[in-house]
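Enquirer: I'll drop the sequence and a predicted model, then ask my questions.
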Amino acid sequence: MVKDFISLADFNGDEILAFLDLADKLKKMVKDGAPHPLLSGKTLALIFEKPSLRTRLTFQIGMYQLGGKTVLIDDILGRRESVSDMAHNLERWVDGIMARTYRHEHVVEMAQCVHVPVINALTDLLHPCQILADVQALRERKGADLGSLKVAFVGDGNNVFNSWANFARRVPINLTLVCPPGYEADPEITACAQREAKGEFVITHDVSAGVRGADAVYTDVWASMGQEDEAAARAEIFADYQVNAKLMALAKPDAVFMHCLPAHRGQEVTDEVIDSARSIVFDQAENRLHAQKAVLATLLRGGKQAI
């Protein structure tokens, strides 16, 4: 088992599915009111460079439910002292480090220089925790046979899609990115996915072709954190990629709508879609708690997963 949780590409398919199976077990334990203090006496440092609702609360609540503690650090990595110096300090005090940062390289550097597990809770390149929660919600609605499903990701080829692409490299699923020209995913990750994907991996600019027959339609904000100065220009470029009732009609009749949140209603998605019975966005959000607990319970116990 890999020490850190930086990228889904660092794990094999069985390891990723084991995280998901454990997340399902932990979710049931919460629903049943069954205590599971698997991390009693453990402490997790939470580093936040970016604003957060779901990530902050689910890691705090998750460690509490697992019997551990969290300490919050709102700071920019490398500003007051080097990333490695900060990391070496933290590893003397805590059992794990979670980081939500801008530069992906900072999380990688931290993981390379400490002995405690480092968890990537979002960088500008990747968002692996989100995809575990997404797939957990998708399995709850569509069943465990992911290989027969098509996920159409409509919009920017951003950090969320990059992590979906890494997932598709390890677990059978059919993944399509539907985006404007010039807004494709990371070239290196795309090249790897094209070589290694376990199912169909498609990038298209044709909305109708990309969404047709999809079992899940996924979107995200058009301008991510740090891209606020591009928001107006992107709103024009992405206008034809809005997920609305007309676009959802191209997918299968029982297709679900997915979004990692926060949503910019009226931009990438309309109210009638995100508030519809087909929307599982709050299931995804709920599962951030359970999926991340599976990662914590596994890594902070040295790879032990049995409960």
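Expert: Done, it's in.

Enquirer: residues of stretch 114-123 that come out buried?
Expert: For stretch 114-123, the neighbour count (16 or more other CB atoms under 10 Å) marks Val114, Val116, Pro117, Val118, Ile119, Asn120, Ala121, Leu122, Thr123 as buried. Quick note: C-beta positions are derived from backbone N, CA and C, even for glycine.

Enquirer: can you redo those as JSON lines with pLDDT and secondary structure?
Expert: Below are the buried residues of stretch 114-123 laid out as JSON lines (pLDDT from 0 to 100; DSSP: H, G, I helix; E, B strand; the rest coil):
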{"residue": "Val114", "pLDDT": "98", "secondary structure": "coil"}
{"residue": "Val116", "pLDDT": "98", "secondary structure": "coil"}
{"residue": "Pro117", "pLDDT": "98", "secondary structure": "coil"}
{"residue": "Val118", "pLDDT": "98", "secondary structure": "strand"}
{"residue": "Ile119", "pLDDT": "98", "secondary structure": "strand"}
{"residue": "Asn120", "pLDDT": "98", "secondary structure": "strand"}
{"residue": "Ala121", "pLDDT": "98", "secondary structure": "strand"}
{"residue": "Leu122", "pLDDT": "98", "secondary structure": "strand"}
{"residue": "Thr123", "pLDDT": "98", "secondary structure": "coil"}
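
Enquirer: pLDDT at Lys304, what is it?
Expert: Note on Lys304: pLDDT of 75.

Enquirer: quick one: contacts for it?
Expert: Thr298 (CB atoms under 8 Å, 6 or more residues apart in numbering).

Enquirer: can you show me the strands along this structure?
Expert: Along the chain, the stretches classed as strands by DSSP state E are 43-48, 69-74, 96-100, 118-122, 150-154, 174-178, 201-204, 216-219, 256-259.

Enquirer: save these as CSV, and put in distance to Ala191 too.
Expert: Listed next are the strands of the chain as CSV, based on distance: least, CB to CB, whole Å:
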stretch, distance to Ala191
strand 43-48, 30
strand 69-74, 35
strand 96-100, 26
strand 118-122, 21
strand 150-154, 17
strand 174-178, 14
strand 201-204, 11
strand 216-219, 22
strand 256-259, 25
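
Enquirer: what sits against Trp98?
Expert: If you look again at residue 98, you'll see it is Met, not Trp. Leu44, Ala45, Leu46, Ile47, Phe59, Val118, Ile119, Ala121.

Enquirer: bridging residues for it?
Expert: Legend: beta-bridge partners of Met98 under DSSP bridges are Leu46, Ile119.

Enquirer: list the contacts of the worst-scoring helix or strand of the chain on mean pLDDT.
Expert: Lowest mean confidence among the helices and strands of the chain (mean pLDDT, DSSP states H and E): helix 231-237, at a mean of 94. The contact list for helix 231-237 (CB under 8 Å, 6+ apart) reads Asp156, Pro180, Tyr183, Trp222, Ala223, Gln227, Gln267.
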